[in-house]
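S.K.: Just a sequence and a predicted model for now, questions to come.
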Protein chains: 2
Amino acid sequence: MQEIRARLQQWVGEINRCLEELLPDPDTPPAVIHQSMRYSVLAGGKRLRPILMLETAGLFVADVRPFYRAACAVELIHTYSLVHDDLPAMDDDDYRRGRLTNHKVFGEGMAVLTGDALLTMAFEQLARLPADFPGREERILEAISELAQAIGTRGMIGGQVLDLQAQGKDLQLPALRQIHQWKTGCLFQATVRFPAILLEVSEEEKAALTSYAYHFGIAFQIVDDILDVIGDEAKLGKRTGSDQRQRKATYPALVGLEEARRLAAAAVEQAVEALTIFGDRAWFLAGLAHFILEREH
Amino acid sequence: MQEIRARLQQWVGEINRCLEELLPDPDTPPAVIHQSMRYSVLAGGKRLRPILMLETAGLFVADVRPFYRAACAVELIHTYSLVHDDLPAMDDDDYRRGRLTNHKVFGEGMAVLTGDALLTMAFEQLARLPADFPGREERILEAISELAQAIGTRGMIGGQVLDLQAQGKDLQLPALRQIHQWKTGCLFQATVRFPAILLEVSEEEKAALTSYAYHFGIAFQIVDDILDVIGDEAKLGKRTGSDQRQRKATYPALVGLEEARRLAAAAVEQAVEALTIFGDRAWFLAGLAHFILEREH
């Protein structure tokens, strides 16, 4: 676990440098939107999605630097979804990643535009991938199209729609699973499939990565629910108990804390199992799945 | 002008059929977001941007049907920008295209998600263009990247940022021009450049189209400002006088109604002038520029 932690830290540094460089300069007019984008993106996230993409690419190629642009694009997409989900008209959250949410600092109108700008910038960067992968334009477009679908109305946005509709209602486990799968699972899956499509790996390997990301996503989400109940606000960087205040269905609420922990551990086992065909090469991805079980934020 | 009007009507019917077909079925879960997307897209807009793209393509190829997907994508982008701009945190408009704005019907949270979904769907469709233009993947990515830039923070989104910041302030003409150029001009320009990039037309032709769209955009925006003062609410499908209520700078307010009309006519002349190198082939694009001078909505 020490090795995992060290490598994670290294990745986070690398990805933050890359995001910092890619984002528009804070002084470039109109400065306020560029400052707002940087405020939310450079707020110290876990960078799980870029790391997943880069480590997946690393299963197949030695030099993963050509994937940095796409990895950053996925983090921009993730951040856009957080900025919009935090809006008063949605989850109405005041804190995120240890600081005030975007709309609390820049106002609601600017927060909407900031999310829009991050999503737009992500696709602009993805369309620029030929600079990193000359000759692979057909695969790039296929990967972009799949990613766009994963964050659309039958994916990430759809999950947020279901989440909005579920507020204050009694949900059962299958409905909660569906929300989680769409809201976070689809993007995890598209993230590991992206380099696999670009590199034209075998269908069997793609299926294995998809299964890994699927179970990884479930474990991640259950732990997220658990942390909202028992987590440390200082470490999480946001208030705990918000699910309960918003009367949101969660794993602990539906099956109890013990059973939720067991389900998360089982999902991690299945994620690791899916990696079997990659052998020892996938040690970090396997370790990462175990790591999220023990995460405190 | 009768010929222009007839052809416009034909295009609108064609584009509406295409959008109708492309948009997710209203019964597909999560149904509410699909209904919301359809509500705003199929609300009977002028479809100026798709028409501009298809007519531009028509300067160079006989069969423009392969451009329908991209033309629809541009209309999705335009509609996303309207849905977000109408939000209470932005322009706070109640009516649009003759019906209640999206957030008035579906709520603010859903309106944010609807805009997000339309933007995401636009890029998904653009990434699928290889189905219509096999072998042109490199050009497709170049065109997408340029379009994304045109609707980013140094384009359409940037224009809305400046617009937000300008509310209630005294603007001079250069500042107003900058807002208009970014907010609407950039997307008009990217719209005509898109097929030009895909078809690899000469730099001279691209420059001519860009100039046409630039002046077209100025004329369009001045007329928009004029209609907000003297227009017929029933024909416009939205309340007039909203610029004045929001104390927005407009051409009539800054230079008077007469001079605004003169500037619009001059911009149309320049737009038409830019088309010279295309000769008679560009009769419709030229007529369209004259047409927007006389539009009543």
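M.R.: Received it, and whenever you're ready, just let me know what you need.
S.K.: going forward, measure contacts and count neighbours with C-alpha atoms only.
M.R.: Fine.
S.K.: Would you state the strands of chain A in chain order?
M.R.: Counting by DSSP state E, chain A has these strands, from start to end: A:95-96, A:99-100.
S.K.: Where does pLDDT dip in the stretch 101-250 of chain A?
M.R.: A:233-236, A:244-245 (pLDDT under 70).
S.K.: So which residues on it come close to chain B?
M.R.: The interface of the stretch 101-250 of chain A toward chain B, taken as C-alpha under 8 Å from any C-alpha of the partner chain, is made up of A:108-110, A:112-113, A:116-117, A:120-121, A:123-125, A:127-128, A:130, A:137-138, A:141-142, A:144-146, A:148-149, A:151-154, A:157-158, A:161-162, A:164.
S.K.: Tell me which of those residues fall in helices.
M.R.: Among those, the ones falling in helices (DSSP state H) are A:108-110, A:112-113, A:116-117, A:120-121, A:123-125, A:127, A:137-138, A:141-142, A:144-146, A:148-149, A:157-158, A:161-162, A:164.
S.K.: nearest to residue A:272, of the strands of chain A?
M.R.: Ranking the strands of chain A by their distance to residue A:272 (criterion: C-alpha to C-alpha) puts strand A:95-96 first, at 29.7 Å.
S.K.: now what about that closest one, what contacts it?
M.R.: For strand A:95-96, the surrounding residues in contact (C-alpha atoms under 8 Å, 6 or more residues apart in numbering or on different chains) are A:101, A:237-239.
S.K.: go again using 10 Å as the cut-off
M.R.: The contact list for strand A:95-96 (C-alpha atoms under 10 Å, 6 or more residues apart in numbering or on different chains) reads A:40, A:43-45, A:82-83, A:86, A:101-102, A:104, A:236-239.
S.K.: Most proximal residue of the stretch 151-297 of chain A with respect to chain B?
M.R.: residue A:152 (5.8 Å; C-alpha to the nearest C-alpha).
S.K.: and that residue, what is it in contact with?
M.R.: Residues in contact with residue A:152 (C-alpha under 10 Å, 6+ apart) are A:146, A:158-159, A:182-183, A:186-187, B:113, B:116-121, B:124.
S.K.: residues touching residue A:49, list them.
M.R.: Applying C-alpha under 10 Å, 6+ apart, we find residue A:49 in contact with A:55, A:71-75, A:77-78, A:187-192.
S.K.: mind redoing it with 7 Å?
M.R.: Residue A:49 is in contact with A:74-75, A:188, A:191, counting by C-alpha atoms under 7 Å, 6 or more residues apart in numbering or on different chains.
S.K.: Would you convert the residues you listed into TSV that also reports distance to residue B:221 and neighbour count?
M.R.: Converted to TSV, those look like this (distance: C-alpha to C-alpha, whole Å; neighbours: other C-alpha atoms under 10 Å in any protein chain shown):
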residue	distance to residue B:221	neighbour count
A:74	35	28
A:75	36	25
A:188	42	27
A:191	41	29
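S.K.: so can I have CSV of those showing distance to residue A:246?
M.R.: Formatted as CSV, the contacts of residue A:49 follow (distance: C-alpha to C-alpha, whole Å):
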residue, distance to residue A:246
A:74, 28
A:75, 27
A:188, 25
A:191, 30
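S.K.: The closest residue to residue A:28 other than its chain neighbours and residue A:24, how far apart?
M.R.: Spatial nearest neighbour of residue A:28, excluding adjacent residues (C-alpha to C-alpha, 6 or more residues apart in numbering or on different chains): residue A:34 at 7.3 Å. Per C-alpha to C-alpha, to the nearest Å, residue A:34 is found 6 Å from residue A:24.
S.K.: same question, residue A:165
M.R.: Going from residue A:165 to residue A:24 by C-alpha to C-alpha gives 35 Å.
S.K.: Could you give the number of residues near residue A:202?
M.R.: 11 (other C-alpha atoms under 10 Å in any protein chain shown).
S.K.: Using PDB, write down the CA coordinates of stretch A:104-120.
M.R.: Output in PDB follows, covering the C-alpha atoms of stretch A:104-120 (Å, rounded to 0.1, in the frame of the first residue of the first chain):
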ATOM      1  CA  LYS A 104     -20.300  30.500  -3.800                       C
ATOM      2  CA  VAL A 105     -17.200  32.400  -5.000                       C
ATOM      3  CA  PHE A 106     -18.100  33.400  -8.600                       C
ATOM      4  CA  GLY A 107     -21.900  33.400  -8.500                       C
ATOM      5  CA  GLU A 108     -24.400  31.100 -10.100                       C
ATOM      6  CA  GLY A 109     -24.300  32.500 -13.600                       C
ATOM      7  CA  MET A 110     -20.500  32.300 -13.800                       C
ATOM      8  CA  ALA A 111     -20.600  28.700 -12.300                       C
ATOM      9  CA  VAL A 112     -22.900  27.600 -15.100                       C
ATOM     10  CA  LEU A 113     -20.600  29.100 -17.700                       C
ATOM     11  CA  THR A 114     -17.500  27.700 -16.000                       C
ATOM     12  CA  GLY A 115     -18.900  24.200 -16.300                       C
ATOM     13  CA  ASP A 116     -19.800  24.800 -19.900                       C
ATOM     14  CA  ALA A 117     -16.300  26.100 -20.600                       C
ATOM     15  CA  LEU A 118     -14.700  23.100 -19.000                       C
ATOM     16  CA  LEU A 119     -16.800  20.700 -21.000                       C
ATOM     17  CA  THR A 120     -16.100  22.600 -24.200                       C
END
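S.K.: Contacts for it, please.
M.R.: So stretch A:104-120 is contacted by A:33, A:36-37, A:76-77, A:80-81, A:83-84, A:87, A:94, A:102-103, B:89-90, B:148, B:152-153, B:157 (C-alpha under 7 Å, 6+ apart).
S.K.: Can you flag which of those belong to helices?
M.R.: A:33, A:36-37, A:76-77, A:80-81, A:83-84, A:102-103, B:148, B:157.
S.K.: what about residue A:204, how many neighbours?
M.R.: 10.
S.K.: ok, now how distant is it from residue A:67?
M.R.: As judged by C-alpha to C-alpha, residue A:204 and residue A:67 stand 22 Å apart.
S.K.: can you tell me how far the residue nearest the centre of chain A sits from residue A:101?
M.R.: Nearest to the geometric centre of chain A sits residue A:49, at 4.8 Å (C-alpha atoms, centre = their mean). Residue A:49 sits 21 Å away from residue A:101 when distances are taken as C-alpha to C-alpha.
S.K.: ok, now residue A:10?
M.R.: 26 Å.
S.K.: Widest-spaced pair of the contacts of residue A:49?
M.R.: Pairwise distances across the contacts of residue A:49 (C-alpha to C-alpha) peak at 11.0 Å, for the pair A:75 and A:188.
S.K.: Contacts only, for the nearest residue to residue A:264 once chain neighbours are set aside.
M.R.: Counting by C-alpha to C-alpha, 6+ apart, residue A:219 is the residue found nearest to residue A:264 once chain neighbours are left out, at 4.5 Å. For residue A:219, the contacting residues are A:264, A:267-268, by C-alpha under 7 Å, 6+ apart.
S.K.: quick check, nearest of the residues you listed to residue B:284?
M.R.: Using C-alpha to C-alpha, the contacts of residue A:219 come closest to residue B:284 at residue A:267, 60.8 Å.
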